[in-house]
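Enquirer: Sequence and predicted structure, then a few things I'm wondering about:
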Amino acid sequence: MVNKSNSPRKIILYVLLFSIGLFYSNVYAQSGKNVTSIEINGTINPSTTDYIKAGLIEARENNSEALLILLDTPGGLLNSTKDIVKLLLNSDIPVIVYVYPKGSSATSAGVFITMAGNIAAMAPGTSIGAAHPVSIGGKNTKPKKNTNPLEKKDEAKEKEQKENSDIMGEKIENYAISFLQSIAEERNRNIEWAEQAVKNSDSITANEALKLNVIDVISPNVPSLLNTINGKKIKVNDKQLVLNTSGAKQKFFEMSLKQKIVNILSTPDIAFLLLSLGSLGILIEFYNPGSIFPGVAGLISLLIGFVSLQILPFNYGGLALVFLGLGLFVAEVYVTSYGLLSLAGLISFVFGAILLFETNESDIKVGHGVIIATSATLGIFFMYVAYSVSRTLKLGTMSGFEGMVGEQGEVVSWENGNGKIFINGEYWNAFSDDALKSGDKVSVTESTGSLNIKVSKN
């Protein structure tokens, strides 16, 4: 006999178990979603390009919904920026560029990278802009003034120099404008503002960027950003995709050791310090032969500094001024200039440091604080060396027989113009034109280069 009263209970139990299964399968499916995240905090350089390329590969291998770039940069190298933009525009993985956290900025090269992302986002309290090539405003050469009153002024030549300077600056500016406008056009963003960001160095806040259609969204944190952009339609390699990022886990992908080293060496401050400390170590070794450590450490620092120069575009004139300044510091030791050479060396060194990375290929430079600290340290060191050397030369000979002249002593025994005297704990043979006897106080007046010294009575 079948108990029919249990049938409804079984049906309810099956429905309940089925519902629980669907719930957990949905949770599991949601938890399986991920977004590969990388962080760029510093200048844009070759290691940054390599890092983003590796991040795209990692996102593809992990079946990530997108690559998330957390960006905070003051700018960087033009060639590296071009390579990164090319990677982002041709990526088959959706790329989200997020200027984050609060207080961050996407300046200069950062503007190009942000606008090249499929999704451009910013956190509150961040800024974007100032994409004008820095060297344009500061490096356009002006026609040289005629300082010789007897020489006829060549107005045609001056006009030609000015026109050539203006044309070069205009070419660089126009290229930057067209490059950023092409990115904005590809991503359906504000083309007019792209021009102003380069031409007038416009910089705007996150709220202004959203209103002007420079970015797509403002979000306070990563989870909020991923939920906000969920369901957005984007174009990836001419294909329409819908982002499915709600509840996706953030998987951090860090730089490799090689990328970290290259990133450090790509910092202008580090490169400048390596060159300065390397030169200082080698010079210390010259002043104190046999010290070994300063020379070895200086040589290693100098070689690593030259590796940095292989990565960073540098100005040969600036490098020449830096080494000229170091040479003048050294010359101060051998030439009595009463500090004039050291002053000239300091001026040359400072100007060289300022101009070292002033090129059309980047907007990076050595920090003023680093220049002041390094210049002050080198200046004080070499002035101390010069002072020590000059003081030593003034003191004269302080050892050997010649160093005995002027020393005070006491006669121990004396007979027929010769005898023994006691000076500084030692007994010396001496002779004198004075009549001396035991116990007399005497002074050394002459050293003959032998064991005999001449003395006189005090």
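Expert: Ah, there it is. Note that the coordinates shown come from a computational prediction; the quantities given were computed from them, not determined experimentally.

Enquirer: how about the strands of the stretch 51-200 of the chain, start to end?
Expert: Counting by DSSP state E, counting those that start in this stretch, the stretch 51-200 of the chain has strands at residues 67-72, 95-99, 105-107, 119-122, 127-129.

Enquirer: Could you export the ones you listed as CSV, including mean pLDDT?
Expert: As requested, those are arranged in CSV below (pLDDT from 0 to 100):
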stretch, mean pLDDT
strand 67-72, 97
strand 95-99, 98
strand 105-107, 95
strand 119-122, 97
strand 127-129, 96
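
Enquirer: and Ser291, which of the ones you listed is closest to it?
Expert: In this view, the strands of the stretch 51-200 of the chain are compared for proximity to Ser291 by CB to CB, and strand 67-72 is the closest at 42.6 Å. In this view, the C-beta of every residue, glycine as well, is placed from N, C-alpha and C.

Enquirer: and that closest one, what does it pack onto?
Expert: strand 34-41, helix 46-61, strand 95-99, strand 105-107, helix 109-116 (3 or more CB pairs under 8 Å, 6 or more residues apart in numbering; DSSP states H and E).

Enquirer: TSV for those, including mean neighbour count and distance to Ile372?
Expert: Supplementary listing: the helices and strands packed on strand 67-72 in TSV, determined by neighbours: other CB atoms under 10 Å; distance: least, CB to CB, whole Å:
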stretch	mean neighbour count	distance to Ile372
strand 34-41	20	25
helix 46-61	20	28
strand 95-99	27	31
strand 105-107	24	23
helix 109-116	27	26
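
Enquirer: now for those, which one comes closest to Met122?
Expert: Using CB to CB as the criterion, the shortest distance between Met122 and these is 4.3 Å, found for strand 95-99.

Enquirer: relative to helix 46-61, how tilted is the closest one?
Expert: An angle of 130 degrees separates the directions of strand 95-99 and helix 46-61 when computed by axes from the mean of the first three to the mean of the last three CA atoms, to 10 degrees.

Enquirer: Poorly predicted segments of the stretch 101-250 of the chain, please.
Expert: Applying pLDDT under 70 to the stretch 101-250 of the chain flags residues 134-169.

Enquirer: Output the strands of the stretch 51-200 of the chain as a markdown table; include the columns distance to Gly417.
Expert: Shown next, in a markdown table, are these (distance: least, CB to CB, whole Å):
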| stretch | distance to Gly417 |
| --- | --- |
| strand 67-72 | 89 |
| strand 95-99 | 96 |
| strand 105-107 | 89 |
| strand 119-122 | 99 |
| strand 127-129 | 94 |
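
Enquirer: Quick one, which of those strands gets closest to Leu257.
Expert: Comparing the strands of the stretch 51-200 of the chain by CB to CB, strand 67-72 comes nearest, at 20.5 Å.

Enquirer: Neighbouring strands of that closest one in the sheet, and parallel or not?
Expert: Using DSSP bridges, the neighbouring strands of strand 67-72 in the sheet come out as strand 34-41 (parallel), strand 95-99 (parallel).

Enquirer: hmm, back to that, okay, the helices and strands packed on strand 67-72 in JSON lines with distance to Val242 next?
Expert: As requested, the helices and strands packed on strand 67-72 are exported to JSON lines (distance: least, CB to CB, whole Å):
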{"stretch": "strand 34-41", "distance to Val242": "15"}
{"stretch": "helix 46-61", "distance to Val242": "17"}
{"stretch": "strand 95-99", "distance to Val242": "14"}
{"stretch": "strand 105-107", "distance to Val242": "26"}
{"stretch": "helix 109-116", "distance to Val242": "21"}
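
Enquirer: Tell me who's in contact with the residue lying closest to Ser301 once chain neighbours are set aside.
Expert: Here the nearest residue to Ser301 in space, its sequence neighbours aside, is Gly278; by CB to CB, 6 or more residues apart in numbering that works out to 3.5 Å. With contacts defined as CB atoms under 8 Å, 6 or more residues apart in numbering, Gly278 is in contact with 298-305.

Enquirer: between the strands paired with strand 67-72, which one is nearest to Asn452?
Expert: When the strands paired with strand 67-72 are ranked by distance to Asn452, counting by CB to CB, first place goes to strand 34-41 at 76.7 Å.

Enquirer: Work out the gap between the closest one and the centre of the chain.
Expert: Strand 34-41 sits 23 Å away from the centroid of its parent chain (CA atoms, centre = their mean, to the nearest Å).

Enquirer: Could you do stretch 308-317 as well?
Expert: Averaged C-alpha coordinates place stretch 308-317 at 12 Å from its chain's average position (CA atoms, centre = their mean).

Enquirer: For it, measure first residue to last.
Expert: Terminal residues of stretch 308-317 are spaced 17 Å apart (CA to CA, to the nearest Å).

Enquirer: returning to that earlier point: of the contacts of Gly278, select the buried ones using a PyMOL command.
Expert: Restricted to the buried members of the contacts of Gly278, where burial is judged by 16 or more other CB atoms under 10 Å, the PyMOL selection command reads as follows:
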select buried, resi 298+301+302+304+305
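
Enquirer: For the contacts of Gly278, give me a markdown table that also has distance to Lys258 and pLDDT.
Expert: Shown next, in a markdown table, are the contacts of Gly278 (distance: CB to CB, whole Å; pLDDT from 0 to 100):
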| residue | distance to Lys258 | pLDDT |
| --- | --- | --- |
| Gly298 | 25 | 89 |
| Leu299 | 23 | 90 |
| Ile300 | 19 | 92 |
| Ser301 | 20 | 91 |
| Leu302 | 22 | 89 |
| Leu303 | 18 | 91 |
| Ile304 | 14 | 91 |
| Gly305 | 18 | 90 |
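
Enquirer: Could you list which of the contacts of Gly278 belong to strands?
Expert: Restricting the contacts of Gly278 to those inside strands, with DSSP state E as the criterion, leaves an empty set.

Enquirer: Tabulate the contacts of Gly278 (a markdown table), appending distance to Arg60.
Expert: What follows is the contacts of Gly278, written out as a markdown table (distance: CB to CB, whole Å):
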| residue | distance to Arg60 |
| --- | --- |
| Gly298 | 45 |
| Leu299 | 43 |
| Ile300 | 39 |
| Ser301 | 40 |
| Leu302 | 41 |
| Leu303 | 38 |
| Ile304 | 34 |
| Gly305 | 37 |
